[in-house]
Each structure stands twice: as C-alpha cells, then as structure tokens.
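**Q** only geometry, no sequence info:
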C-alpha cells in the first residue's frame, strides 16, 4: 500500500540561533508539535538526524532520508549562526490522518502563529506525494517536488491538501479525502 510523503519548508525571519522571544517560542512550539504528531494515528516516521542534533541541517547525517537539501529560492545562511529555515519530511499512512495531525492540536496553534516566525513568500510551504511502501523519501525528493509544485501547480507528482490525488494519480476532491478548510477560513493558498 502506498504511503504519503509530506515535505514542509519555510524561511524564518530570524536565524535559528536568535536568542529573542519569538525564536524561543518557535523552538518550544516545535518540541510540543513533534511530541504530539509522533503519537498521532497514521504517523509512520519523520526525518531525524542519525547523530542527534550536533551540527546544522546541512552537515548532519540523515541516514536513509539522504543529504539535506533546500529549494533554490532559499537565500539565507547555511552555518550554525546564520541558518534561518525550518523543514520537515515525514511519512503517513493516508491523507485524512495527515491532514488531521496538521490542522488540529498543537500544530494548528503553531500555524496560527506562522507569520510571527516565517517570511511570507509566493512559494508553497508544503508538498505531498505518494511513495511505494518500501521507499523512504529523501530531502532532495521533497525539494524537487516542492519546486515542481511551485512551477506547475498540483499534479499527481506533487500536490497540496487543497488539490489532492489518489495513489493511482486520480484527482480527488478535497472534500472526499479531507475536510475543505477553505470553507472554515483556516487555510491560505500555499501554506500549511
């Protein structure tokens, strides 16, 4: 059975090492979100550095998730003191459960504050795609799918929660697979 891959990417207003209260709030929120999501039904795994968090995203060993990569539009730092991004890569059993994890609980609360932490851009902040059950997506897969989504819009190769596709590539109405958050005013185009 295919699994759902989810890649998220955002450019932060301040470097991750910024000692200010907003960056501290981002870190605290992220810890709560990861704890909750890791116990959510449908969650399978997320990219975590094999050697813990000793280093920056770019020099960590990500194991089967591959070498860390970022979209071409990321133009900020790559060193411990200058890196200003947040990225996740995860695997899910299906779309409705992934949607529920993203749009409820601590992650929903974090989404409500995203403009405190992240720069507003015209680029999408997330992309979804189906992978075979024996495949681990890589950071480069996520980047290439996000860039494809930005250039071509939602397609079976790379899509969003607004315009979804079944594992066989068939377009599926968002209301058939996940609640249509646009009706509730909870979602803006291109951002999780």
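**A** Yep, that arrived. For clarity, every value in this text was computed on a predicted model and none was experimentally measured. Numbers count the residues shown, from 1 in each chain.

**Q** Could you check how many residues crowd around the nearest residue to residue 145 once chain neighbours are set aside?
**A** Take residue 145 and drop its neighbours on the chain: the residue closest to it by CB to CB, 6 or more residues apart in numbering is residue 158, 4.0 Å away. Just so you know, the C-beta spots here come from the backbone N, C-alpha and C atoms, and that holds for glycine as well. For residue 158, the count of nearby residues is 25 (other CB atoms under 10 Å).

**Q** my guess is residue 158 contacts residue 126, does it?
**A** No. Judged on CB atoms under 8 Å, residue 158 makes no contact with residue 126 at a distance of 10.2 Å.

**Q** joint contacts of the two?
**A** Counting by CB atoms under 8 Å, 6 or more residues apart in numbering, the shared contacts of residue 158 and residue 126 are residue 146.

**Q** Give me the three-state assignment for residue 147.
**A** Following DSSP: H, G, I helix; E, B strand; the rest coil, the label given to residue 147 is helix.

**Q** how about it, what does it touch?
**A** Contacts of residue 147 by CB under 8 Å, 6+ apart are 71, 72.

**Q** hmm, try it at 6 Å
**A** Listed by CB atoms under 6 Å, 6 or more residues apart in numbering, the contact partners of residue 147 are residue 71.

**Q** pLDDT on the longest helix seen in the chain, on average?
**A** Identified as the longest helix of the chain according to DSSP state H is helix 21-37. Here helix 21-37 scores 90 as its mean pLDDT.
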